[in-house]
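> for reference, the sequence and a predicted model appear below.
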Amino acid sequence: MTRSFLFATWQGGGNVMPELALAKRLARRGHDVRVLGPASMAARSSSDFELVGGDVVPEWQAQRGIYLEEQLDEFIRYVCGPEWHDAVASELRRRPPDAFVCDRELASATAISAARGTRSALVVTSLFQPWYLEWGNFALDGETTRDVLARIDLLLATTPGELDFEADEPPRNVRYVGRLTDPDPVEPFELPWPAENHDPLVVISFSTIYQHQEVALRRVVEAVADLPVRALLLAGDGLDVATPAQVRRLSWAPHATVMPHAALCVTHGGCGTTMTALANGVPLVVMPHLYEQALNGLRVSQLGAGKLVPAEADAAEIRASVAKVLGDPSFRSGAERVSGWFEDGSEGAVAALEALAAGS
């Protein structure tokens, strides 16, 4: 039976592609799917679902030259502000869905769906336990993650349960579903080096949203420039990072197509990059800027799948860490062991949302 779904998400980095992949899969099963998001979502949209809200949903505009952690008050006003809440309320009224599916950072909007009696689900693309117990509360403007869990029907955690920190049994409405993948095949990635160059590939990726990452990236580039590696910098547009000839720079490339070639990933520790690297058995050097990223890096370190390095580390310390992870096969073994936990949970997530929309 055809059901209707309303997604709400934003251009936050690693959250976007898994959530849109889930929307696409639901649409291809014959369901009516809308995605409420800012106008910038059009670049990631699909003909499978309807993108709405571009004229009213605000864009997140990070201030250049300062770190994201210095803009947390502005960020909370963005995700918890009246513009988002009004947009959600308006779309729920305009075409009431059978189920409302919300990004974790917009969790405060689930109060609106709960007040209307709309069945709702939250998608958490990060490690669930840290979000639930610690850092998730900061984006709720006075509420807690426990308040959110008490009013929603379902939470889909898209990271493996084995990867999470040990904690008490999660609430009954939490379901670890695993990775959400796009149903469409992606084009193979063509490495920008001669075929005879077999030096290890180091992928450097520090988020698609601005986090003042150019400061750390300059030191990473300096660190790898004189190492016997192929270095690929995925830096987005508008970042002031000079790259020597030894470092190739692209504004963006799908991580799913790049990571299978990689020997190492140097990253800020965002969930999208970190999880894609681990899913492909690629060890990491993590240089976190935010608390969530630091926890991801800590878990990578605990599992022997890489090293956690301070964001303010100089080029010499970064170079030593890169050389250590590349030179010690135990890090690759650790990452490959973790990769076995990454099953495709897309069909399970779709089934869970279909059951939610049906009221079962």
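Happy to help now that I have it.
> domain assignment for this structure?
4-181+344-358, 201-339 (automatic domain parsing).
> out of the ones you listed, nearest to residue 187?
When the domains of the chain are compared by Cβ to Cβ, domain 201-339 sits nearest residue 187, at 6.8 Å. Placement of C-beta: from N, CA and C, glycine included.
> the closest one: end-to-end distance?
Domain 201-339 has an end-to-end distance of 19 Å (criterion: Cα to Cα, to the nearest Å).
> same check, this time on stretch 192-199
13 Å.
> contacting residues around that stretch?
Stretch 192-199 is contacted from outside by 228, 229, 230, 232, 248, 250, using Cβ atoms under 8 Å, 6 or more residues apart in numbering.
> pLDDT below threshold where in the stretch 151-300 of the chain?
For the stretch 151-300 of the chain, the stretches with pLDDT under 70 are 207-212, 236-239.
> that one: helices as residue ranges?
For the stretch 151-300 of the chain, applying DSSP state H, counting those that start in this stretch gives helices covering 214-224, 255-258, 271-279, 291-302.
> now the third one: buried residues?
Translated: helix 271-279. Neighbour-count burial for helix 271-279 flags 271, 272, 273, 274, 275, 276, 277, 278, 279 (criterion: 16 or more other Cβ atoms under 10 Å).
> does the third one touch residue 258 like I think?
Okay, so that is residue 273. No. Using Cβ atoms under 8 Å, residue 273 makes no contact with residue 258, being 10.1 Å away.
> so what's residue 348 closest to, chain neighbours aside?
The shortest distance from residue 348 to any non-neighbouring residue, by Cβ to Cβ, 6 or more residues apart in numbering, is to residue 177 (4.8 Å).
> give the burial count for the one you found, as a bare number.
By other Cβ atoms under 10 Å, 25 other residues sit near residue 177.
> quick one, phi/psi of it?
Torsion angles at residue 177 (phi, psi; degrees, to the nearest 10) stand at phi -100, psi -20.
> ok, it to residue 235 distance?
Going from residue 177 to residue 235 by Cβ to Cβ, to the nearest Å gives 31 Å.
> could you do residue 87 as well?
Between residue 87 and residue 235 the distance is 31 Å, computed by Cβ to Cβ.
> before we move on, what about residue 359?
Per Cβ to Cβ, residue 359 is found 46 Å from residue 235.
> higher neighbour count, these two?
Comparing residue 359 with residue 235 by neighbour count (other Cβ under 10 Å), the higher total belongs to residue 235, at 23 against 10.
> what are the contacting residues of stretch 22-37?
Identification of contacts with stretch 22-37 by Cβ under 8 Å, 6+ apart yields 2-11, 20, 41, 45-46, 48-54, 57, 87-88, 91, 95, 97, 101, 123, 180, 182-184, 346-347, 349-350, 353-354, 357.
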